[in-house]
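> compute the structure for the input listed below.
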Amino acid sequence: MMSTEQTSFNFDNIRPYYNDEVYDAIELLAASDGLRHALTYIMPEMDWDQFVEMMRSCKTKEQFKATMAYNAVMQIAKMTTFSLTISGRSHVPKDTPCTFISNHRDIVLDAAFLNTLLHDVGLGMTQIAIGDNLLIQPWIKAIVRLSNCFIVKRDLPVRQLLEVSKELSAYIHHTINETKESIWIAQRQGRAKDSNDHTQPSLLKMLNIAGQHKDNTLRNLMDLNIVPIAISYEYDPCDYLKAKEYQQKRDYPDFVKSKRDDLFSMETGLLNNKGRVHFTLGSPINDKLKALEAKKLDKNALISAIADVIDKEIYKHYRFYPCNYIAYDMLHQSVYFRANYDQRDKMLFETYLQKQMNKIDLPDKDELFLRTKILEMYSNPLQNHIDNT
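Okay, here's the model as predicted:
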């Protein structure tokens with residue numbers, strides 16, 4: 001049964017393409033100089049005409065996802081990761097669509113990597129939430145809609161925000177409960193630049209809006225079968241860009257990144273070394289949400305408690321690498337985690353840290369501040385794990 005919120009939208013401006021729209025989308029891509037340029041980085045040995053022919057052989061969105069999108073993502077993984085792995089698939093009910101909520105590290109690759117991994121372990125690809133601020137070229141918008149992404153509208157005036165949130169909430173409920181597809185959405189708008197991951201209450205409020213159970217937030221969110229995911233990157237290629245932005249905002253409070261900055265962050269995240277990358281599927285949280293019923297919390301307290309449940313499931317399942325332990329000890333001037341790395345590990349991380357620092361081009365470069373920010377990025381997941389498990 002669909003709620004009245006769901007039936008009042010047709011979702012055409014946010015949904016992925018339908019199969020009868022695939023042909024026109026692929027023709028747009030075939031004529032795109034931007035995609036052709038991007039391909040020289042992602043698949044430098046691929047002939048453009050051969051690539052276009054492969055795209056045109058895809059008659060459905062499913063074929064495009066399983067061939068073109070899958071192969072492109074695996075090529076990026078081969079070029080830029082030491083390993084790409086997943087665990088916890090036994091936690092996820094195989095025939096029940098889920099709302100996967102995760103921490104957020106890379107603008108593009110978090111969801112792309114997740115979908116390839118879910119495909120490989122037989123759980124099927126999800127629909128993916130992507131912010132419209134990233135759709136800065138027509139070919140990028142076509143690629144993501146062909147790849148089963150739905151669009152989250154950002155940076156709107158307050159009076160438009162409620163209507164957009166209603167539409168997005170209705171679409172998510174419709175996808176889970178009517179079309180029976182899983183979705184992925186990040187726990188917050190944008191990445192936590194310091195890797196101090198917290199689920200935004202506004203996300204949960206949005207998910208609640210279009211639920212079928214009037215004035216029952218808990219039941220509305222339980223209908224979505226939320227499964228938290230912990231994403232762990234050994235190295236974040238954008239760490240120096242995030243640190244640079246911290247100083248820019250500190251020194252110039254009105255600083256706002258340009259679309260060019262966003263595009264460069266996307267390219268940096270896509271094309272540079274990430275080391276080991278691991279996704280851990282957590283357990284569905286409905287049992288924990290049901291336990292909150294007895295507490296009779298008001299709405300804001302309930303939203304906060306649900307966010308805490310999601311966060312703790314993510315914190316519990318991080319995978320840690322020597323750099324996380326080293327960064328913690330460097331930041332706190334301690335040897336607390338000395339048993340988790342050796343001198344060679346420390347030397348390699350210090351070399352890496354200096355290399356990233358050298359990339360930051362600012363006229364009044366605050367070395368201590370920038371260094372501290374990068375160390376926080378690598379130590380905060382470990383700090384949250386310690387504090388919450």
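
> where does pLDDT dip in the protein?
Flagging of the chain using pLDDT under 70 yields the residue ranges 1-7.

> what segments of it are strands?
Along the chain, the segments classed as strands by DSSP state E run 81-87, 99-102, 127-131, 149-152, 183-186, 226-233, 275-281.

> any idea which of these gets closest to Y318?
strand 226-233 (5.0 Å; CB to CB). No exception for glycine: its C-beta is placed from N, CA and C like everyone else's.

> reformat the strands of the chain as TSV; add distance to E53 and mean neighbour count.
Supplementary listing: these in TSV, determined by distance: least, CB to CB, whole Å; neighbours: other CB atoms under 10 Å:
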stretch	distance to E53	mean neighbour count
strand 81-87	28	16
strand 99-102	34	25
strand 127-131	26	21
strand 149-152	24	22
strand 183-186	31	24
strand 226-233	34	24
strand 275-281	31	21
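
> just put those strands in a markdown table and tack on distance to L292.
Shown next, in a markdown table, are the strands of the chain (distance: least, CB to CB, whole Å):
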| stretch | distance to L292 |
| --- | --- |
| strand 81-87 | 27 |
| strand 99-102 | 17 |
| strand 127-131 | 25 |
| strand 149-152 | 27 |
| strand 183-186 | 21 |
| strand 226-233 | 13 |
| strand 275-281 | 22 |
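
> out of those, the one nearest M55 is which?
strand 149-152 (17.0 Å).

> what residues does that closest one touch?
11, 13-16, 111, 127-132, 135, 144-145, 168, 171, 175, 183, 185, 189 (CB atoms under 8 Å, 6 or more residues apart in numbering).

> among the strands of the chain, which is nearest L289?
Using CB to CB, the strands of the chain put strand 226-233 closest to L289, at 7.9 Å.

> buried ones in stretch 250-267?
265-267 (16 or more other CB atoms under 10 Å).

> so what's H278 closest to, chain neighbours aside?
Excluding its sequence neighbours, the residue lying closest to H278 (CB to CB, 6 or more residues apart in numbering) is R319, at 4.3 Å.

> same question but for A72, I mixed them up
In space, A72 is closest to I42, 6.0 Å off (CB to CB, 6+ apart).

> about what we covered before: how about the buried residues of stretch 250-267 in TSV, adding distance to G275?
Shown next, in TSV, are these (distance: CB to CB, whole Å):
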residue	distance to G275
S265	18
M266	19
E267	18
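
> neighbours around the residue nearest to A72, how many?
16 (other CB atoms under 10 Å).

> only the buried residues of stretch 11-27, if you could.
11, 14-17, 22, 25-26.

> between the residues you listed, which is nearest G275?
P16 (31.3 Å).

> ok, that closest one - contacts?
61, 127, 145-150.

> show me where the stretch 1-150 of the chain has helices.
Assigned by DSSP state H, counting those that start in this stretch, the helices in the stretch 1-150 of the chain fall at 4-7, 22-30, 33-42, 48-56, 61-64, 70-80, 109-120, 138-146.

> what's the closest of the buried residues of stretch 250-267 to Y70?
M266 (19.4 Å).

> now the closest one: closest residue in space, sequence neighbours ignored.
Nearest one to M266, counting by CB to CB, 6+ apart, is I107 at 5.2 Å.
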